[in-house]
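K.L.:
Return a 3D structure for these sequence lines:
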Amino acid sequence: MKGSANLENLKVVNTDITQSDLLFIFVEFLVFSAVELCTLPHVIGTGSYRIPRWYFNDQTNKCELFYYSGCCGNANNFPSYDSCRRLCELDPCNQPTDCGFGSSKINRFGYNKTSKICQPFGYNGNGGNKNNFVSMKECKKTCNTKISLTEEVVNPCIRGRPTRLSRTGEIRCGRYEASYGYCPINYYCHVGSGSASTVCCPRPKDLAQKCDQPLITGQGAESLTRWHYNQSINKCKAFQYKGYRGNENNFLSESTCNRDCQVKNICFPEDDSSTTLKQTCSQHEQCPNGYFCLFGSGSRTTACCPK
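P.N.:
Predicted structure coming up:
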């Protein structure tokens with residue numbers, strides 16, 4: 001009897017066979033990736049059982065019921081509709097990238113639905129899901145065309161829109177670019193969760209220097225550990241950035257924040273001891289007794305110093 005035999009020809013020997021009885025059959029098929037598995041042909045096998053199973057029909061792009069004979073099938077054979085659908089029927093562009101398991105290190109590409117771009121990742125050789133493309137071209141062909149032309153692309157800038165090059169689109173910058181591109185004058189590099197949101201945003205003329213700007217956690221669903229300069233304590237503090245609409249007081253590391261912003265001792269730069277009173281002052285705000293207001297170039301370098 002061949003694998004394509006009619007279901008009517010199968011003799012029902014034992015309808016109580018359990019799924020655990022069949023586990024050994026599929027161990028050899030774990031070498032398939034999800035993409036390969038879901039495109040395997042429909043094979044009912046050569047056994048004598050009638051076991052309700054599900055397979056993915058790549059012609060209809062749906063999971064369909066069939067009766068497995070219990071022997072000599074292939075890996076396109078699922079115990080339930082949900083298990084078939086989770087691996088095969090879902091739109092690959094909506095699935096997260098999955099490295100799978102194994103010892104191989106294979107260069108693959110997956111679609112990031114948050115940043116709406118295809119990105120490289122390391123595939124371990126087995127398992128995974130359908131969001132696994134052999135080339136950037138194939139990934140873009142499958143997923144990028146699914147973005148509606150009327151869909152608004154999220155603007156990561158808090159004010160204005162990213163600067164663009166006439167022919168190549170938005171100017172990328174920062175750590176996601178191999179060339180570590182720089183932004184033009186009156187723009188700064190907004191570093192988001194990926195290259196799509198790492199762009200050159202406008203720097204309004206009326207905006208304070210980056211270390212004097214307030215803490216803004218932004219908008220979005222990300223949770224990115226960043227650092228900001230806190231003027232009131234003259235220190236850099238960690239915060240969780242949401243991915244979009246932040247400002248320049250947003251650093252990738254504490255060391256970068258300290259380098260660009262922190263002043264150890266405004267009153268006595270050569271002295272590591274903290275004698276500066278952590279209190280702002282101005283022409284209209286006086287210091288307490290025993291202190292005078294040292295006016296610097298901005299609020300970060302203006303403080304109450306001992307007389």
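K.L.:
Strands along the chain, start to end?
P.N.:
Along the chain, counting by DSSP state E, strands occupy 51-57, 62-68, 106-112, 117-123, 164-165, 169-170, 187-190, 199-202, 224-230, 235-241, 291-294, 303-306.
K.L.:
And the ones you listed: which comes nearest N249?
P.N.:
Distance to N249, taken as C-beta to C-beta, is lowest for strand 224-230 among the strands of the chain, at 4.8 Å. For every residue, glycine as well, the C-beta is placed using N, CA and C.
K.L.:
Name the residues that touch the closest one?
P.N.:
Applying C-beta atoms under 8 Å, 6 or more residues apart in numbering, the contact partners of strand 224-230 are 193, 211, 215, 235-243, 246, 249-254, 256-257, 260-262, 300.
K.L.:
That strand vs strand 235-241, what angle?
P.N.:
Interaxial angle, strand 224-230 versus strand 235-241 (axes from the mean of the first three to the mean of the last three C-alpha atoms, to 10 degrees): 150 degrees.
K.L.:
Please give me every residue in contact with F109.
P.N.:
With contacts defined as C-beta under 8 Å, 6+ apart, F109 is in contact with 118-121, 132-136, 138-139.
K.L.:
Name whatever forms a beta bridge with it.
P.N.:
P120, F133 (DSSP bridges).
K.L.:
mind checking how far it is from P202?
P.N.:
Note on F109: its distance to P202, by C-beta to C-beta, to the nearest Å, is 32 Å.
K.L.:
which of the contacts of F109 count as buried?
P.N.:
The neighbour-count test (16 or more other C-beta atoms under 10 Å) marks 118-119, 121, 132-133, 139 as buried among the contacts of F109.
K.L.:
of those residues, closest to L90?
P.N.:
Ranked by distance to L90 (C-beta to C-beta), the buried ones among the contacts of F109 are led by N132 at 12.7 Å.
K.L.:
that older thread, with distance to V154 as extra columns, can I get the strands of the chain in JSON lines?
P.N.:
Below are these laid out as JSON lines (distance: least, C-beta to C-beta, whole Å):
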{"stretch": "strand 51-57", "distance to V154": "33"}
{"stretch": "strand 62-68", "distance to V154": "32"}
{"stretch": "strand 106-112", "distance to V154": "13"}
{"stretch": "strand 117-123", "distance to V154": "12"}
{"stretch": "strand 164-165", "distance to V154": "16"}
{"stretch": "strand 169-170", "distance to V154": "12"}
{"stretch": "strand 187-190", "distance to V154": "12"}
{"stretch": "strand 199-202", "distance to V154": "11"}
{"stretch": "strand 224-230", "distance to V154": "15"}
{"stretch": "strand 235-241", "distance to V154": "14"}
{"stretch": "strand 291-294", "distance to V154": "43"}
{"stretch": "strand 303-306", "distance to V154": "39"}
